[in-house]
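> Predicted structure and sequence below. I'll ask about it afterward.
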Amino acid sequence: MIISKTPVRISFIGGGSDIVRKSMKVPGRVISTTINKFIYVIIKKKFDNIFRISYSKNENVKNINEIEHNHIRETLKFKKINEALEVITIADIPTSGSGLGSSSALTVGLINALNCYIGKKQTKYQVAKDAYYIERNILKKNIGYQDHFNAAYGGFRKYIFYKNNSIKNYKILNSSKKKELLKNIVVFYTGINRSADKILNRIDKKNKNNLIDDLSKLSIKFENNLKDMNLKLCGEILDKSWSLKKQLSTNVSNNFIDTIYKKGKTVGAYGGKILGAGGGGYFIFFCKKSKQLELKKKLKNLIPIKFSFEEHGSKIIFND
């Protein structure tokens, strides 16, 4: 039995600019962090010739091509697995369509588990690239690179995405600044799940390229103020970023989400955004500690999520 443990992530700013485009005028830039909420992938060799796949439903099939779970099926095929396995996935919190990069985390975690199973070693960069290839090129999902790299590397980082499809990443913020930041952000679960790639598919990139480049440029301002711990300005930059992102597609937000945001700003939150592509999932606010109780009361119909930043990316925690 092999078990991998892979964190999901919070993307602060720059999401969308990680989709590499020929029309990019500037590299994409994303600032994000993994958190201590995980997706576990368990794989075990079967004694018979039946694949057993267990997630929110159970599948028992004789052939890989019969597996309904797209990511599991295509990852098994990509890694050329020919013998029947049991594959079980477990998540700490609701992750499907959440904006936490869960599908990419699952794919990265499954690749790591399968690498361990077949005795193959890969760098974090290679694992992230393979996970991206499966989702983008095989499953034809209109997504960028950031989620796969978050899951593979872990930590609080800035990512830079170049037109030639190369990616660089750097750790930012020391431990004391991360502790201070953590005290001043609140995350809520909206209870709404959605498909990120469907939202991204509706973005008319031909007419929105300048907006996407602007999102990348805002990441630089956000990072500079974050390093100075000017969290009020960070929140205001998030506010600007959220405004730009809503211009990409009418599906990014809706009346329910807009109402959440207005209520948050009313009680004194500096700024915030829906995590991921938009449309639902989790909402983050930059809000000073003294205002957070009032914020939670104002948004009493939402579920606040307790979390901390996670330093490590996907790893094998059991192998026997």
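Structure's in. What do you need?
> quick one, helices of the stretch 51-200 of the chain?
70-78, 102-118, 124-133, 146-153, 175-183, 196-201 (DSSP state H, counting those that start in this stretch).
> Just name the most buried of the ones you listed.
Each of these was scored by mean neighbour count; the highest is helix 146-153, a mean of 30, by mean count of other CB atoms under 10 Å. Backbone N, C-alpha and C define where each C-beta goes, glycine included.
> For it, output the C-alpha coordinates as CSV.
Extracted C-alpha coordinates of helix 146-153, given in CSV (Å, rounded to 0.1, in the frame of the first residue of the first chain):
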residue,chain,number,x,y,z
GLN,A,146,-0.1,27.2,-11.2
ASP,A,147,-2.1,24.5,-9.5
HIS,A,148,0.2,21.7,-10.5
PHE,A,149,3.3,23.6,-9.4
ASN,A,150,1.6,24.6,-6.1
ALA,A,151,0.8,20.9,-5.4
ALA,A,152,4.2,19.7,-6.4
TYR,A,153,6.4,22.3,-4.6
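> Summarise which helices and strands it is packed against.
Helices and strands touching helix 146-153, by 3 or more CB pairs under 8 Å, 6 or more residues apart in numbering; DSSP states H and E, are strand 2-13, strand 28-45, helix 102-118, helix 124-133, strand 156-161, strand 167-171.
> for it, what is the average pLDDT?
The pLDDT scores in helix 146-153 average 97.
> With stretch 1-20 instead?
pLDDT averaged over stretch 1-20 gives 94.
> What residues of it count as buried?
By neighbour count with 16 or more other CB atoms under 10 Å, stretch 1-20 contains the buried residues 2-20.
> and the residue lying closest to Lys124 once chain neighbours are set aside, what does it touch?
Computed as CB to CB, 6 or more residues apart in numbering, the closest residue to Lys124 that is not its neighbour in sequence is Ala152, at 4.3 Å. Contact analysis of Ala152 by CB atoms under 8 Å, 6 or more residues apart in numbering lists 108, 124-125, 127-128, 131, 313-314.
> So Ala152 versus Gln126, what's the distance?
9 Å (CB to CB, to the nearest Å).
> Tyr117 now?
17 Å.
> same question, Phe12
From Phe12 to Gln126 the distance is 26 Å (CB to CB).
> Repeat that for Lys57.
Distance of Lys57 to Gln126, computed by CB to CB: 31 Å.
> State the pLDDT value of the spatially closest residue to Leu231 that is not a sequence neighbour.
Nearest non-adjacent residue to Leu231, counting by CB to CB, 6+ apart: Asn184, 5.0 Å away. As predicted, Asn184 sits at a pLDDT of 96.
> What of Leu244?
Value for Leu244, per-residue pLDDT: 85.
> check contacts around it.
Taking CB under 8 Å, 6+ apart, one finds 211, 214-215, 218 in contact with Leu244.
> In contact with the closest residue to Thr75 other than its chain neighbours, which residues are there?
What sits nearest to Thr75 in space, not counting adjacent residues and going by CB to CB, 6+ apart, is Leu110, at 4.9 Å. Neighbouring residues of Leu110 by CB under 8 Å, 6+ apart: 4, 41, 43, 71-72, 75, 87.
> so which of the residues you listed comes closest to Asn142?
For those, the closest approach to Asn142 (CB to CB) belongs to His71, at 15.4 Å.
> what about the closest residue to the closest one other than its chain neighbours, distance to Asn70?
Distance criterion CB to CB, 6+ apart; nearest residue to His71, sequence neighbours excluded, is Thr107 at 5.2 Å. When distance is defined by CB to CB, Thr107 is 10 Å away from Asn70.
> who touches both of the two?
If you check Thr107 and Asn70 against CB under 8 Å, 6+ apart, no residue is contacted by both.
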